[in-house]
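need a 3D model of the sequence below.
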Amino acid sequence: MYRLILVAFPFLLFFSQNLAGQSDNTRIKVFPGKVVDDSLGFALPSVHIWNESSRMGSISNESGEFGIHVIDQDTLVFSAIGYYSHVLVVSSLLDKR
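Predicted coordinates:
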């Protein structure tokens, strides 16, 4: 009996990790945007956009545009060389688009 528990436990642990990793895809939306310099108004390319909640990221293109998957209340961090980082919490305004 003890030997069966020692053999079965790693398999149960492995499969429980896979089940815990699944997410509810119905609430996930693409958050589009454009990053611009606030003082000069020009687009900023290569800005890193990091979703702290899902641990996924994106990078703005040469026009400053980006898209990242989010759900309500996710925290986005925008960072670029030569600029201060900016933190944005996605609110329920996402549903009103």
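
only C-alpha atoms from now on, for both contacts and neighbour counts.
Fine.

so, low pLDDT: which residues of the protein?
Within the chain, the ranges that satisfy pLDDT under 70 run 1-26, 92-97.

so where do the helices sit in it?
Using DSSP state H, the helices of the chain run over 2-20.

Val35 is in contact with His48, isn't it?
No: Val35 lies out of contact with His48 (Cα atoms under 8 Å); the separation is 10.1 Å.

relative to Gly82, how far out is Ile59?
Look at Ile59 and Gly82: by Cα to Cα, to the nearest Å, they are 16 Å apart.

which residues are in contact with each of Val35 and His48?
Taking Cα atoms under 8 Å, 6 or more residues apart in numbering as the contact rule, Val35 and His48 both touch Ser60.

ok, now which ones touch Ile28?
Neighbours of Ile28 in contact, by Cα under 8 Å, 6+ apart: 69-71.

equivalent analysis for Ala80, please.
Taking Cα under 8 Å, 6+ apart, we find Ala80 in contact with 46-48.

quick one: which of those residues is nearest to Leu40?
Nearest to Leu40 among the contacts of Ala80: Val47, at 16.2 Å, using Cα to Cα.

isn't the closest one right next to Val77, touching?
No: in this structure Val47 lies outside contact range of Val77 using Cα under 8 Å: 10.0 Å.

which one of those two is surrounded by more residues?
Using other Cα atoms under 10 Å, the more surrounded residue of Val47 and Val77 is Val47, with 23 against 15.

do you know how far the more buried one is from Ser39?
16 Å.

Glu62 now?
Applying Cα to Cα to Glu62 and Ser39 gives a distance of 18 Å.

which one of these two is surrounded by more residues?
Set side by side, Glu62 and Ser39 show more neighbours around Glu62, with 12 against 6, by other Cα under 10 Å.

so what's that one up against?
By Cα under 8 Å, 6+ apart, the contact list for Glu62 reads 43-46.
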